[in-house]
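# Quick one, what's the 3D model for this:
(one chain, ligands or ions: 2)
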Amino acid sequence: MVNTKIEDIKWVQKPWDHTSRINHIPLSSTRGKLASDGSIEGGHNQEILEFENGLILINDFLSNEEYDELLEKIKDEFIVLKEGEESSLKPTLSSDSGGGGEKNDKDNSSNHQTPKKSKSIRRQAIHYGPKYDYTTNHASPNSIPVPKYIEDIIDKMIIIIPKNNRVNQATIQFYPTGSGIPPHIDTHSCFDEYIISFSLGGKVNMSFQKATPVIAQKMFAPRRCLGGPTTSTSASSLSTTPSASATSLSVPSTNSSSSSSSSVQDQALEKDMHSKPESESSYHEIPLKPNSLCIMAKEIRYAWTHGIKSRSTDVNPITNQIEKRLDDRYSITFRKVDFDGKCNCDYGVWCDSQQKKDGE
Ligand SMILES: O=C(O)CCC(=O)C(=O)O
Ligand SMILES: [Fe+2]
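Numbering: from 1, shown residues only. Ligands and ions are numbered 1, 2, ... in the order given. Next up, the predicted model:
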């Protein structure tokens, strides 16, 4: 399918209809207690929600103990980098202003390096695994490998992610309370079908919206919309994976005070995104609880934007209650970088591989 028109897209009829099931994870033999019949006692239950549009949400992905250990480890990663430890085995820390470099956080005034004490509300990222260069459109294997403790989490995805789609890249992000990431679609060509995000710390809503032709224009516009002012805070010779792992759309959130001087193109996008009230459009929010795994595949991965609004509260879509964002959030985004960079999805409107075939 090449250069599909928007009218040809076959959207699922009821994107948010879903099934839910419980998956029991037994304790590992090293942690569990041996019962009299030789089985391992204990374990925990995951709740797995599978939506028609390809979103899979796994609540309580890890046991409480594993989750607490992981959160400490992730916090330490940012602290070590903040303290400026230079090592050829350590990644650099980058301070990102958006999913693809667009501004949407409230305060972009200075360069912040401290996840815990800083007044900054800028998102920061640490990258592990193959890097993708957006100017050459090639992936480079010479990067900091994914550490063992993250590989252990990837191992646990085997219940849902086919073996051939095993991810090889992880980006850890720190979101100070109230910060977010602009709506974007992760680039089709360089990343495999599964885009996976594990949430830690503060609970936030993730926003989803069906993409439009204007979004496609933005995706295939010159690279200015993908680069952005990412600041490396380490003098290490190692470069970071660009924060622009995706095409971001500059859509200021409800209570963002960002005053970025948006281009005509950005303004067109904003108009497009808000052409209908959220209640009438495909716009939809899903709460991401700490210790949940959010897996985007199929339609939602290729043809919907996802993002997190920069704001201090969320409305819980189930209870309709306003909930204050209380804590900083951390996430680990997992992707498989595809060195050949070809995508054959059914959503050619937003597919850089398929647009290129005809456009070059
Ligand atoms: O932080 C998250 O949960 C999502 C991040 C994301 O969408 C991205 O890095 O592309
Ligand atoms: Fe993303």
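# where does the stretch 101-250 of the chain dip in pLDDT?
Across the stretch 101-250 of the chain, the ranges flagged by pLDDT under 70 are 101-121, 132-139, 142, 222-250.
# residue ranges for the helices of this structure, please.
Assigned by DSSP state H, the helices in the chain fall at 64-82, 148-156, 213-219, 264-273, 298-303, 352-359.
# now the residue nearest to Val337 when sequence neighbours are not counted: how far from ligand 2?
In space, and not counting its chain neighbours, Val337 is closest to Pro130: 4.2 Å by CB to CB, 6 or more residues apart in numbering. Placement of C-beta: from N, CA and C, glycine included. Distance of Pro130 to ligand 2, given as CB to the ion, to the nearest Å: 17 Å.
# what's the answer for Gly54, then?
In terms of CB to the ion, Gly54 sits 14 Å off from ligand 2.
# you'd agree that residue is up against Glu299?
Yes - counting by CB atoms under 8 Å, Gly54 touches Glu299, with 5.0 Å between them.
# ok, back up a step: give the contact list for the residue nearest to Val337.
Residues near Pro130 by CB atoms under 8 Å, 6 or more residues apart in numbering: Ala139, Ser140, Pro141, Ser143, Asn168, Gln169, Val337, Phe339.
# Can you say which of those residues are buried?
Ala139, Ser143, Asn168, Gln169, Val337 (16 or more other CB atoms under 10 Å).
# Pretty sure Ser179 sits against Ser310.
Yes - Ser179 sits in contact with Ser310 when judged by CB under 8 Å, with a separation of 5.3 Å.
# At which residues are the strands of the stretch 101-250 of the chain located?
With strands called from DSSP state E, counting those that start in this stretch, the stretch 101-250 of the chain shows them at 123-128, 131-133, 138-140, 169-175, 181-186, 195-201, 204-210, 231-232, 246-248.
# TSV please, covering those and showing distance to Asp68.
Shown next, in TSV, are the strands of the stretch 101-250 of the chain (distance: least, CB to CB, whole Å):
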stretch	distance to Asp68
strand 123-128	20
strand 131-133	31
strand 138-140	34
strand 169-175	17
strand 181-186	25
strand 195-201	10
strand 204-210	20
strand 231-232	30
strand 246-248	30
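# Tell me which of those lies nearest to Tyr330.
strand 195-201 (4.3 Å; CB to CB).
# Quick one: residues in contact with that closest one.
Contacts of strand 195-201 (CB under 8 Å, 6+ apart): 61, 67, 70-71, 74, 153, 157, 161, 167, 175, 186, 288-297, 301, 327-335.
# what's the spacing between Lys203 and ligand 2?
Going from Lys203 to ligand 2 by CB to the ion gives 18 Å.
# cool, and Asn344?
20 Å.
# ok, now Pro26?
32 Å.
# ok, the residue nearest to that residue when sequence neighbours are not counted - contacts?
Counting by CB to CB, 6+ apart, Gly43 is the residue found nearest to Pro26 once chain neighbours are left out, at 4.2 Å. Neighbouring residues of Gly43 by CB under 8 Å, 6+ apart: His24, Ile25, Pro26, Leu27, Gly32, Ser63.
# Of those, which pair is most distant in space?
His24 and Gly32, at 12.6 Å, using CB to CB across the contacts of Gly43.
# Compare neighbour counts for those two and give me the winner.
More crowded of His24 and Gly32, by other CB atoms under 10 Å: Gly32, with 14 against 8.
# In terms of pLDDT, where does that one sit?
According to the prediction, Gly32 has pLDDT 58.
# From one end of stretch 151-167 to the other, what's the distance?
9 Å (CA to CA, to the nearest Å).
# could we number from 748 for the rest of this?
Got it, the first residue is 748 from now on, which makes the last one we talked about stretch 898-914.
# buried ones in it?
Applying 16+ other CB under 10 Å to stretch 898-914 flags Ile900, Ile901, Lys903, Met904, Ile907, Ile908, Arg913, Val914 as buried.
# Just give me the closest of the residues you listed to Glu797.
Ile907 (9.1 Å).
# isn't the closest one right next to Cys1041, touching?
No - in this structure Ile907 lies outside contact range of Cys1041 using CB under 8 Å: 11.5 Å.
# and for those two, which residues touch both?
Applying CB under 8 Å, 6+ apart, one finds that Ile907 and Cys1041 are jointly contacted by Ile803.
# ok, which stretches of the stretch 998-1107 of the chain are strands?
All strands of the stretch 998-1107 of the chain, identified by DSSP E, counting those that start in this stretch, fall at 1031-1035, 1039-1043, 1051-1055, 1060-1062, 1069-1071, 1076-1082.
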